[in-house]
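K.L.:
Have a look at this prediction, sequence included:
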Amino acid sequence: MIKRILSAIIAIIYLSVAYLGGGSEGAIRCALFLFLPMACIWFSEEMGSFTGVMRGHYINAETPGCLVALGGWFVLMLPFIIWIIEHFSAK
């Protein structure tokens, strides 16, 4: 439950910043970006248990839900990580 609340807070911050910086178009683009990492965090067990054909490739083994969630957190935090790197490397 805590992972959902924390990821939702981060998503709301991202959407607010995107709206302030780019208006409704920026917020829509941000929401589209947030779709996959939020799904990976919120539904990690369900997404990890998928097997079958996806985009022409056959997935024959399940992925542990914790790894799916970890990947979701990485993608969710990537814009912040990039911002930190750019902020502290600017001269």
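P.N.:
Okay, I see it. Numbering: from 1, shown residues only.
K.L.:
rest of the way, CA atoms for contacts and neighbours
P.N.:
Noted.
K.L.:
for the chain, which residue is closest to the average position?
P.N.:
The residue lying closest to the centre of the chain (C-alpha atoms, centre = their mean) is residue 37, at 2.2 Å.
K.L.:
so how far is residue 31 from residue 87?
P.N.:
Plainly put, residue 87 is 24 Å away from residue 31 if you go by C-alpha to C-alpha, to the nearest Å.
K.L.:
hey, where'd the helices end up in this protein?
P.N.:
Taking DSSP state H, the helices of the chain run over residues 2-42, 44-48, 65-89.
K.L.:
Need those helices in a markdown table (columns: mean pLDDT).
P.N.:
Formatted as a markdown table, the helices of the chain follow (pLDDT from 0 to 100):
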| stretch | mean pLDDT |
| --- | --- |
| helix 2-42 | 95 |
| helix 44-48 | 91 |
| helix 65-89 | 93 |
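K.L.:
wait, which of these is closest to residue 59?
P.N.:
helix 44-48 (10.6 Å; C-alpha to C-alpha).
K.L.:
Give me the distance from that closest one to the chain's centre.
P.N.:
Distance of helix 44-48 from the chain centroid (C-alpha atoms, centre = their mean, to the nearest Å) equals 14 Å.
K.L.:
can you check stretch 34-48 too?
P.N.:
Using C-alpha atoms, centre = their mean, the offset of stretch 34-48 from its chain centre is 8 Å.
K.L.:
And for that stretch, what's in contact with it?
P.N.:
Applying C-alpha atoms under 8 Å, 6 or more residues apart in numbering, the contact partners of stretch 34-48 are 3-4, 7, 11, 62-66, 68-73, 75-76.
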